[in-house]
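Student: The sequence and its predicted three-dimensional model are supplied below.
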Amino acid sequence: MSRFQELLDAIQINMHSSVRMEIPEVIYFDPFRIEGTPGDASYVFITHSHYDHYSVSDIRKVMNEGTRIFVPKSMLGQLRHDGFEERQIVTMTAGMKLQRDRYTVEAVPAYNILKPFHRKIRGWLGYLIEIDGVRVYIAGDTDAVPEIRDIKCDIAVVPVGGRYTMNVKKAAAFINLLQPAVAIPCHYGSIVGKLSDGEAFRKRVNPEIRVCLKIG
């Protein structure tokens, strides 16, 4: 099995936009409604401060003594208030790149163009992680804003549920522009959007791009 396929198989969506990757270190993005207390996270990436993305109780379920939490710089005060220690927190702003072990992490903007829910001024983020030469893009809650239209990635995890983010039509057009090898839709089927949004997204994506449904 290729490293690319291993990484694709390692991406799990718990629900909504809660992503887990085991590569073999365990990485979470926006852990939410986690069952049990796995305590297995090496890294936790938070895209923004809304309750369905920044859940203190779920972060504590997955973290352990060595876990590091990556957050937008604008959230630092909130994490301090919630009892996280400075040594556990890594702050990022759009455009920053960090080398962590074998991984390169780049923060990219995530915001709405016309909607009021995710304002650009808040500095909220998506993340682009390169692992063994494979680039995985976790978009966060965003529209297809100009700064992310030139992202080069192999796997893209994008919101499709509409209302707070791109809807199916706009997300598919965005993926057709990015042209990753694989697109994984998220942010639908529970809090917002319908379970059928995944299949509707697949039908609008160009056939040369594989769509992998991991919700439902």
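Tutor: That came through, no problem.
Student: residue closest to the middle of this protein?
Tutor: For the chain, the residue nearest the mean C-alpha position is I138 (3.4 Å; Cα atoms, centre = their mean).
Student: Could you give the bridge partners of that one?
Tutor: Y127, V157 (DSSP bridges).
Student: Could you report the pLDDT at it?
Tutor: Turning to I138, the model gives it a pLDDT of 98.
Student: quick one: the helices in this protein?
Tutor: Applying DSSP state H to the chain gives helices spanning 3-10, 56-62, 76-81, 168-178, 197-204.
Student: Out of these, which gets nearest to T37?
Tutor: T37 lies closest, by Cβ to Cβ, to one member of those: helix 56-62, at 4.7 Å. (C-beta placed from N, C-alpha, C; glycine too.)
Student: Summarise which helices and strands that closest one is packed against.
Tutor: Packing contacts for helix 56-62, counted by 3 or more Cβ pairs under 8 Å, 6 or more residues apart in numbering; DSSP states H and E, involve strand 41-45.
Student: contacts for the strand it packs on?
Tutor: Contacts to strand 41-45, defined as Cβ atoms under 8 Å, 6 or more residues apart in numbering, come from residues 25-31, 59, 62-64, 66-71, 100, 105, 127, 138.
Student: Would you mind identifying the helix or strand in the protein with the lowest mean pLDDT?
Tutor: Sorting the helices and strands of the chain by mean pLDDT, DSSP states H and E puts strand 97-100 at the bottom, at a mean of 89.
Student: Check the offset of it from the chain's centre.
Tutor: 17 Å (Cα atoms, centre = their mean, to the nearest Å).
Student: what's that strand packed up against?
Tutor: strand 103-109.
Student: Run the chain-centre distance for the strand it packs on.
Tutor: Chain-centre distance of strand 103-109: 11 Å, with Cα atoms, centre = their mean.
Student: So which bits of it are buried?
Tutor: With burial defined by 16 or more other Cβ atoms under 10 Å, the residues of strand 103-109 counted as buried are 103, 105-109.
Student: For L195, which residues are in contact?
Tutor: Neighbour list for L195: 188-189, 215-216 [criterion: Cβ under 8 Å, 6+ apart].
Student: Got phi/psi on the residue lying closest to Y54 once chain neighbours are set aside?
Tutor: Excluding its sequence neighbours, the residue lying closest to Y54 (Cβ to Cβ, 6 or more residues apart in numbering) is I46, at 5.2 Å. With angles defined as degrees, to the nearest 10, I46 sits at phi -110, psi 130.
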